[in-house]
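**Q** Coordinates for the following, if possible.
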Amino acid sequence: MGPALLFCPADRPERFGKAAERSDAVILDLEDAVAPADKQRARGAILAQLGSEGESAELDPSRTIVRINPAGTEEFTKDLHCLAHTPYRTVMLAKAESAAQLRELAGYRVVALCETAKGIVNAAAIAAEPNVVALMWGAEDLIASLGGTSSRTDDGGYRAVALHARSTVLLAAKAAGKEAIDAVYVDIPDLEGLAAESRDAVASGFGVKACIHPSQVAVVREAYAPSPEALAEAKELLAAAAAAGSGVFQFKGKMIDGPILKHAEATLRRAV
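**A** Numbering: from 1, shown residues only. Sure, this is the predicted structure:
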């Protein structure tokens with residue numbers, strides 16, 4: 001998965017193929033991107049693009065995620081009925097709030113989207129569910145659930161409560177051995193801000209970042225791809241570690257131990 005996921009409204013089937021081509025995985029959105037009156041039409045669009053054999057000519061099921069409506073709603077039940085007739089078995093559960101909700105999705109690989117106060121507080125229990133493959137957090141829905149008005153300060157940075165939620169989801173996901181997905185960057189024209197936030201996501205440990213516009217994909221990919229200099233440094237460091245044997249050693253005047261070597265290994269993995 002990743003590093004760049006791209007949301008696509010499920011009621012816009014003409015965009016499905018393009019979204020899949022331009023990203024590492026496409027998220028067909030049956031929730032916020034679709035007006036309530038259009039949700040049934042959106043489910044129909046997902047079914048309509050399947051051939052007689054139940055396969056899509058444009059979408060690879062292994063690179064397709066369907067964001068479904070919150071558990072306990074009528075739309076959730078309808079979404080699952082739709083998905084039962086498709087090859088798509090990875091879903092993103094909007095407003096995930098408890099481990100019990102994940103058990104309703106047995107048979108599906110689930111990206112749990114923690115975007116309410118309850119979801120953030122229960123992130124560790126959610127991440128521990130066997131069918132959860134990743135956790136994502138959502139800033140704006142979270143602030144709305146708190147009764148707030150904005151996730152960011154005037155300088156563009158996240159407010160403290162949003163940063164706390166972001167860190168909580170990251171820690172919960174990684175503690176459970178699952179992937180962590182960083183929230184979308186809603187200011188589409190601000191690619192410089194997106195680049196800075198994506199670099200922070202990489203450095204913090206998020207393996208993936210979600211996008212809401214195709215123009216954001218290249219920016220996220222560039223942030224996740226290590227530079228030639230970083231790759232060379234990582235290879236040199238790991239070679240020095242192999243020559244030094246076990247234990248702490250010095251490399252270019254710096255003390256090197258296990259955690260620093262893991263950083264270098266993570267850099268090499270991102271180059272694959």
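**Q** for stretch 244-251, how far is the first residue from the last?
**A** 10 Å (Cα to Cα, to the nearest Å).
**Q** For it, buried residues please.
**A** Phe251 (16 or more other Cβ atoms under 10 Å). Any C-beta I mention is one placed from the backbone N, CA and C, and that applies to glycine too.
**Q** just how off-centre is it within its chain?
**A** With Cα atoms, centre = their mean, to the nearest Å as the basis, stretch 244-251 stands 36 Å off its chain's centre.
**Q** Now do the contacts for Ile256.
**A** Leu237, Ala240, Ala241, Val248, Phe249, Gln250 (Cβ atoms under 8 Å, 6 or more residues apart in numbering).
**Q** can we see that at 7 Å?
**A** Listed by Cβ atoms under 7 Å, 6 or more residues apart in numbering, the contact set of Ile256 reads Leu237, Ala241, Val248, Phe249, Gln250.
**Q** Save those residues as TSV, and put in secondary structure, pLDDT and distance to His81 too.
**A** Below are the contacts of Ile256 laid out as TSV (DSSP: H, G, I helix; E, B strand; the rest coil; pLDDT from 0 to 100; distance: Cβ to Cβ, whole Å):
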residue	secondary structure	pLDDT	distance to His81
Leu237	helix	69	53
Ala241	helix	73	54
Val248	coil	78	58
Phe249	strand	75	60
Gln250	strand	79	62
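**Q** Out of these, which comes closest to Thr149?
**A** Nearest to Thr149 among the contacts of Ile256: Leu237, at 45.8 Å, using Cβ to Cβ.
**Q** Let me know the secondary structure of Asp155.
**A** Following DSSP: H, G, I helix; E, B strand; the rest coil, the label given to Asp155 is coil.
**Q** How many residues are close by it?
**A** If you count neighbours by other Cβ atoms under 10 Å, Asp155 ends up with 5.
**Q** do the same with Ala35
**A** Ala35: 11 neighbours (other Cβ under 10 Å).
**Q** Over to it: give its phi and psi.
**A** Backbone torsions for Ala35, taken as degrees, to the nearest 10, come to phi -60, psi 150.
**Q** Now the phi/psi pair for Leu113, please.
**A** phi -90, psi 100.
**Q** ok, back up a step: JSON lines please, covering the contacts of Ile256 and showing distance to Pro259.
**A** Below are the contacts of Ile256 laid out as JSON lines (distance: Cβ to Cβ, whole Å):
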{"residue": "Leu237", "distance to Pro259": "12"}
{"residue": "Ala241", "distance to Pro259": "12"}
{"residue": "Val248", "distance to Pro259": "11"}
{"residue": "Phe249", "distance to Pro259": "14"}
{"residue": "Gln250", "distance to Pro259": "16"}
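**Q** need the helices for this structure, in chain order.
**A** Ranges of helices within the chain are 16-22, 39-48, 74-83, 99-103, 117-121, 123-127, 139-146, 160-175, 191-204, 214-224, 228-244, 258-270, based on DSSP state H.
**Q** among those helices, which is the most enclosed?
**A** Stretch with highest mean neighbour count among the helices of the chain: helix 123-127 (a mean of 22; mean count of other Cβ atoms under 10 Å).
**Q** Kindly provide the distance from Lys43 to Leu93.
**A** In this structure residue 43 is Arg, not Lys. As for Arg43, its distance to Leu93 is 16 Å (criterion: Cβ to Cβ, to the nearest Å).
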